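A.B. asks: pasted the sequence and its predicted model underneath.
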Amino acid sequence: MSPWPRWHGPAMARLWGFCWLVMGFWRPSLACPMSCKCSASRIWCTEPSPGIVAFPRLEPNSVDPENITEIFIANQKRLEIINEDDVEAYVGLKNLTIVDSGLKFVAYKAFLKNSNLQHVNFTRNKLTSLSRKHFRHLDLSELILAGNPFTCSCDIMWIKTLQETKSSPDTQDLYCLNESSKNTPLANLQIPNCGLPSARLAAPNLTVEEGNSVTLSCSVAGDPLPTLYWDVGNLVSKHMNETSHTQGSLRITNISSDDSGKQISCVAENLVGEDQDSVNLTVHFAPTITFLESPTSDHHWCIPFTVRGNPKPALQWFYNGAILNESKYICTKIHVTNHTEYHGCLQLDNPTHMNNGDYTLMAKNEYGKDERQISAHFMGRPGIDYETNPNYPEDLYEDWTAATDIGDTTNKSNDIPSTDVAGETNPEHLSVYAVVVIASVVGFCLLVMLLLLKLARHSKFGMKGPASVISNDDDSASPLHHISNGSNTPSSSEGGPDAVIIGMTKIPVIENPQYFGITNSQLKPDTWPRGSPKTA
């Protein structure tokens, strides 16, 4: 036997390329059913031959069926049934069209998992009946059923009711075959003993305290006889129901505060449609502070909090154990309200080191109260380097102006203003008062000195006393005026008989005997010392 020949080089590469090409064409043929075309988001089957006999399904490991949003089927005469599990894989399906085909039956739960379905078109098929249970959980914006040979019965009265509730009931010409096999407009169809049901709850509003139990009663009526069931949504509290023909009851035990504001409905449903009666559950419970954090800075400083309670709790803040009376600079702001939950903050406008301290929030209503405390630090005390003194005690000193700076505070226990709680005078207060008094005295002295200086300026070069006159003799040419020897003023007794008063100062004068022997040309006024007599 000759050995198996080995291929090398370009021939082997061409062979592998051909294999991959064949697999590339073969794979889509396995992924998409025959007579259909598929893309990442759409399936359309329009070829009548050979056609499809079942609802199209994608093969495993092909396109993800969750991404399919539209399925279009036309001219498929052998497609007669949609089973419960045919469409469940297409959870993202929005548009379903089956036209000019042989569809006769749709299972009740066929679209149970297709909550995104919005448009359904079953035009010109072989449907003789169609239950509303197929679509009751869907929020359809369009349901087209024209061209089907419906049988006139109570089973299709819901379609008539649906058309009547639309704003444009003439969008479809729907007919059904009566007992004589004649087409009857669905809008004119009258079926005896075939109407909408009704449901009635005993209590329209329900208020209960947390932890208690309550029983709801409901009665239904209609022909055909409706089915009664309860729609409790996502009720947290334990509950159980009992139903007997047209009467039903729902018992809720150990009611949770999480169920406050939820709606409970009694539903009556028959072939024609459904009716429901609902009650809002209100649960009263004591407040709980579920969130309280250190202050954060945004446009204002904010101490954030979250409080739950029903009825709405009253909020009170305390600063270092004393009631904090709010003002326009410090106030409580509620930003978000979610039924029984309140999100907000204590807002502080430009706080300083005097606002540092413990802040306590108390929430209270008629069912109880809750308290939580947080320590707030807005800034360090001026003049203290906290980097070099990280363990410096903040509360070593207490500024007497703190109450004014943070708002009025009141003692928490007896509602006495915090400034009166101590009962004794703080020594630091006395030192402050002493500084104020000293400053006032110094200011007064400065004012007196200023007044004296002002008077001195007005009396500059003036003579003291009645004996001080300006001589009219020849020696009046002297720039300095002599004081009379007979002056008895206190200043005239000093400095001898020849003295001059300049302003308030007495200066002794020594006469120059050669003064009057100097000619005028020898006088140079611009060389005289200012304020002294000219010398030879």
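C.D. replies: Nice, I can see it. From a predicted model like this one, the values you see are computed outputs, not experimental measurements.

A.B. asks: now do the buried residues in the longest helix seen in the chain.
C.D. replies: In the chain, taking DSSP state H as the definition, the longest helix is helix 427-458. By 16 or more other C-beta atoms under 10 Å, helix 427-458 has no buried positions at all. C-betas here are computed from N, CA, C, even on glycine.

A.B. asks: cool, stretch 137-156 as well?
C.D. replies: Buried residues in stretch 137-156 (16+ other C-beta under 10 Å): 138, 143-145, 147-148, 150, 152-156.

A.B. asks: quick one: residues in contact with that stretch.
C.D. replies: 111-112, 114-115, 117-131, 135, 159, 162, 172-179, 184, 186, 189, 191, 193-194, 224, 271-272 (C-beta atoms under 8 Å, 6 or more residues apart in numbering).

A.B. asks: with stretch 288-297 instead?
C.D. replies: In contact with stretch 288-297 (C-beta under 8 Å, 6+ apart) are residues 301-309, 341, 348, 361, 363, 370-376, 378.

A.B. asks: care to break the chain down by domain?
C.D. replies: When the chain is parsed with the TED database, its domains come out as 30-149, 198-283, 293-376.

A.B. asks: please spell out the PyMOL selection for the buried subset of the contacts of stretch 137-156.
C.D. replies: Filtering these down to the buried ones (16+ other C-beta under 10 Å) takes a single PyMOL command:
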select buried, resi 111+112+114+117+120+121+122+123+124+125+127+128+130+135+159+162+172+174+175+176+184+186+189+194+271+272
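
A.B. asks: can you give me the strands for the stretch 151-300 of the chain?
C.D. replies: Ranges of strands within the stretch 151-300 of the chain are 175-177, 183-185, 198-201, 205-209, 214-221, 227-231, 238-244, 247-253, 263-269, 274-292, 296-297, based on DSSP state E, counting those that start in this stretch.

A.B. asks: any stretches of the stretch 151-300 of the chain with poor pLDDT?
C.D. replies: By pLDDT under 70, the low-scoring segments of the stretch 151-300 of the chain are 167-171.

A.B. asks: about what we covered before: which one of the buried residues of stretch 137-156 sits closest to residue 215?
C.D. replies: Distance to residue 215, by C-beta to C-beta, is smallest for residue 138 among the buried residues of stretch 137-156, at 32.8 Å.

A.B. asks: element containing the closest one?
C.D. replies: Counting by DSSP states H and E, there is no helix or strand that carries residue 138.

A.B. asks: return the backbone torsion pair for it.
C.D. replies: The phi/psi pair for residue 138 (degrees, to the nearest 10) reads phi -100, psi 150.

A.B. asks: pLDDT score for it?
C.D. replies: Reported pLDDT at residue 138 in the predicted model: 91.

A.B. asks: wait, doesn't residue 217 sit right on residue 201?
C.D. replies: Yes: between residue 217 and residue 201 there is a contact at 7.3 Å, judged by C-beta atoms under 8 Å.

A.B. asks: so which of those two has more stuff around it?
C.D. replies: residue 201 (20 against 13; other C-beta atoms under 10 Å).

A.B. asks: residues contacting that one?
C.D. replies: Contacts of residue 201 by C-beta under 8 Å, 6+ apart are 216-218, 266, 277-279.

A.B. asks: now these: which count as buried?
C.D. replies: By neighbour count, with 16+ other C-beta under 10 Å, these hold 216, 218, 266, 277, 279 as buried.

A.B. asks: just to revisit the earlier point, could you dump the buried residues of stretch 137-156 into JSON lines and include distance to residue 249?
C.D. replies: Shown next, in JSON lines, are the buried residues of stretch 137-156 (distance: C-beta to C-beta, whole Å):
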{"residue": "138", "distance to residue 249": "30"}
{"residue": "143", "distance to residue 249": "35"}
{"residue": "144", "distance to residue 249": "41"}
{"residue": "145", "distance to residue 249": "38"}
{"residue": "147", "distance to residue 249": "46"}
{"residue": "148", "distance to residue 249": "41"}
{"residue": "150", "distance to residue 249": "38"}
{"residue": "152", "distance to residue 249": "38"}
{"residue": "153", "distance to residue 249": "33"}
{"residue": "154", "distance to residue 249": "29"}
{"residue": "155", "distance to residue 249": "31"}
{"residue": "156", "distance to residue 249": "34"}
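
A.B. asks: which parts of stretch 69-76 are buried?
C.D. replies: Buried-residue list, stretch 69-76, by 16+ other C-beta under 10 Å: 70-76.

A.B. asks: quick check: the farthest pair among the residues you listed?
C.D. replies: Farthest pair in the buried residues of stretch 69-76 (C-beta to C-beta) is 70 and 75. Separation: 17.2 Å.

A.B. asks: ok, back up a step: and the longest helix of the chain, what's its mean pLDDT?
C.D. replies: Average pLDDT, helix 427-458: 79.

A.B. asks: hmm, back to that, now, of the contacts of stretch 288-297, which are buried?
C.D. replies: Among the contacts of stretch 288-297, those scoring as buried are 301-309, 341, 348, 361, 363, 370, 372, 374, 376, 378 (criterion: 16+ other C-beta under 10 Å).

A.B. asks: so which of these are in strands?
C.D. replies: Judged by DSSP state E, the buried ones among the contacts of stretch 288-297 include 301-309, 341, 348, 361, 363, 370, 372, 374, 376 as members of strands.

A.B. asks: out of the strands of the stretch 151-300 of the chain, the one nearest residue 433 is which?
C.D. replies: Closest approach to residue 433 among these is made by strand 296-297 (36.4 Å; C-beta to C-beta).

A.B. asks: the closest one: partners in the sheet, and parallel or antiparallel?
C.D. replies: If you go by DSSP bridges, strand 296-297 pairs up with strand 301-310 (antiparallel).

A.B. asks: circling back: which of the buried residues of stretch 137-156 sits closest to residue 284?
C.D. replies: residue 138 (37.4 Å).

A.B. asks: distance of that closest one relative to residue 112?
C.D. replies: With distances taken as C-beta to C-beta, to the nearest Å, residue 138 is found 10 Å from residue 112.

A.B. asks: now swap in residue 47 and tell me
C.D. replies: Distance of residue 47 to residue 112, given as C-beta to C-beta: 30 Å.
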